[in-house]
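Participant: The following comprises the amino acid sequence and a computationally predicted model.
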Amino acid sequence: MPTGSCFCGNIKVEYSGEPAMTVLCHCTDCRKIGGGNYSNNIVVPSQQFKVLSGTPKEISKAADSGGTTLYRYGDTFGGIDGMMIVKAGILDDVNVINSTKPGAELYAPGRVQWVAALEGANQVDAMPPPS
């Protein structure tokens, strides 16, 4: 089971099974939340995700995206009982990231101009509608 943690290691998470999808996101919120030019996300069903230790802080934001630097959930992905969007950069084993190439890029028109589109990934203009 892939595991991950925050920078200090106090909060640890894991998920089981295969991801439902993997996506890059170029929205402003993801850039600000992660401090990077985009976010790399592994989407798994909530029942396959758990916090192993620690108590993560929760951030609420009224927008079509938002969350924490470890993981997030939102209406687009079925709320807290739907899918968890795990930030791939928190995973402990880089081989998990290497083997889960994103299949789509969300907010693709907002991509930083000098970052190339990911070959073979669907280019999506915004967030998919809620499921």
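Facilitator: Yep, it's here.

Participant: And stretch 42-50, end to end?
Facilitator: Stretch 42-50 has an end-to-end distance of 14 Å (criterion: Cα to Cα, to the nearest Å).

Participant: Over to stretch 109-117?
Facilitator: One end of stretch 109-117 to the other measures 10 Å (Cα to Cα).

Participant: for stretch 92-112, same thing?
Facilitator: OK, stretch 92-112 end separation, Cα to Cα: 27 Å.

Participant: for stretch 104-116, same thing?
Facilitator: Using Cα to Cα, the distance between the terminal residues of stretch 104-116 is 13 Å.

Participant: What residues of it count as buried?
Facilitator: Of all the residues in stretch 104-116, those buried under the rule 16 or more other Cβ atoms under 10 Å are 104-108, 110-111. Glycine gets a C-beta too; all of them are placed from N, C-alpha and C.

Participant: In a markdown table, list those along with distance to Met21 and secondary structure.
Facilitator: As requested, the buried residues of stretch 104-116 are exported to a markdown table (distance: Cβ to Cβ, whole Å; DSSP: H, G, I helix; E, B strand; the rest coil):
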| residue | distance to Met21 | secondary structure |
| --- | --- | --- |
| Ala104 | 7 | strand |
| Glu105 | 12 | strand |
| Leu106 | 10 | strand |
| Tyr107 | 15 | coil |
| Ala108 | 15 | helix |
| Gly110 | 19 | helix |
| Arg111 | 18 | coil |
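
Participant: Quick one: those as a markdown table, columns for distance to Asp81 and pLDDT too.
Facilitator: Putting the buried residues of stretch 104-116 into a markdown table (distance: Cβ to Cβ, whole Å; pLDDT from 0 to 100) gives the following:
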| residue | distance to Asp81 | pLDDT |
| --- | --- | --- |
| Ala104 | 23 | 95 |
| Glu105 | 26 | 96 |
| Leu106 | 22 | 94 |
| Tyr107 | 25 | 95 |
| Ala108 | 28 | 96 |
| Gly110 | 29 | 94 |
| Arg111 | 31 | 95 |
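
Participant: Looking at those, which is nearest Ile11?
Facilitator: Leu106 (25.2 Å; Cβ to Cβ).

Participant: What sits closest to that closest one if chain neighbours are left out?
Facilitator: By the measure of Cβ to Cβ, 6 or more residues apart in numbering, the closest residue to Leu106 outside its immediate chain neighbours is Cys25, 4.4 Å from it.
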